[in-house]
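**Q** okay, here's the prediction I keep looking at, along with the sequence it came from:
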Amino acid sequence: MTPENRKAHIGKKLKKAGFKITPQRTAIMEYLMTSREHPSAETIYKELRKVYPSLSRNTVYEALESFERQRLVFDIIDRDGIRRYDAHTEPHIHLICLECGEIIDVPYDDRRILSKVKNQFIPEKSVFYIYGRCKNEKEAK
């Protein structure tokens, strides 16, 4: 997706969720959509301040909370209890290494569980964490 197409897509997504489209909100969402690192609010703030020097921490935190309420992003609690964000909302599992802190996305497509859930429930958000040690940490020992 080209940067222009991505910005248009983000604009439509924000508008559909009821947000006023601002450069700051668009930049925050674009940062999240292009990151596989599951950044914290502080990381997002520090990176975007380089482009938007007047951006405030409060704007970042408020945008992230609003995005989460509208289910545009999910929050993830890392091994240190820090809230991180993920704009990739398709079903997937987060593997969180207790040693190095890496968060790894793993596709999740267990139709048996999803069909049972949908028969009894209307899911709106699914967050699945597995805490353990990544292969790199296990091999290092």
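**A** It's in. Note that the structure is predicted; figures quoted are calculated from it, not measured.

**Q** any idea which element E30 lies in?
**A** For E30, the host element (DSSP states H and E) is helix 23-34.

**Q** so what touches that helix?
**A** 6-7, 10-11, 13-14, 19, 39, 44, 47-48, 51-52, 55, 59-60, 63-64, 67, 72-73, 85-88 (C-beta atoms under 8 Å, 6 or more residues apart in numbering). Heads up, the C-betas are built off the backbone N, CA and C, glycines and all.

**Q** how about a cut-off of 6 Å?
**A** I10, I44, L48, L55, T59, A63, V73, Y85, A87 (C-beta atoms under 6 Å, 6 or more residues apart in numbering).

**Q** helices - which of the residues you listed land there?
**A** Taking DSSP state H as the definition of helices, the contacts of helix 23-34 contribute I10, I44, L48, T59, A63.

**Q** tell me the one of those nearest G132?
**A** I44 (26.6 Å; C-beta to C-beta).

**Q** how close does the closest one sit to R71?
**A** I44 sits 18 Å away from R71, going by C-beta to C-beta, to the nearest Å.

**Q** and what of E37?
**A** According to C-beta to C-beta, E37 and R71 sit 21 Å apart.

**Q** quick one: which of these two has more around it?
**A** E37 (14 against 11; other C-beta atoms under 10 Å).

**Q** that one sits in which helix or strand?
**A** Following DSSP H and E, one finds E37 outside all helices and strands.

**Q** per-residue confidence for it?
**A** At E37, the model reports a pLDDT of 90.

**Q** pop the domain breakdown of this protein in here.
**A** Using automatic domain parsing, the domain parsing of the chain gives 3-86, 92-140.

**Q** quick one: mean pLDDT for the shortest one?
**A** Going back to what we said before, that points to domain 92-140. 80.

**Q** for this structure, just list every one of the strands.
**A** Ranges of strands within the chain are 74-77, 83-86, 92-97, 103-107, 128-132, based on DSSP state E.

**Q** gap between I104 and Q70?
**A** Distance from I104 to Q70, by C-beta to C-beta: 26 Å.

**Q** same thing with T43?
**A** Taken as C-beta to C-beta, the span from T43 to Q70 is 21 Å.

**Q** for the residue nearest in space to the middle of the chain, give me the pLDDT.
**A** Closest to where the C-alpha atoms of the chain average out (C-alpha atoms, centre = their mean) is D86, at 0.8 Å. The per-residue pLDDT reported for D86 equals 93.
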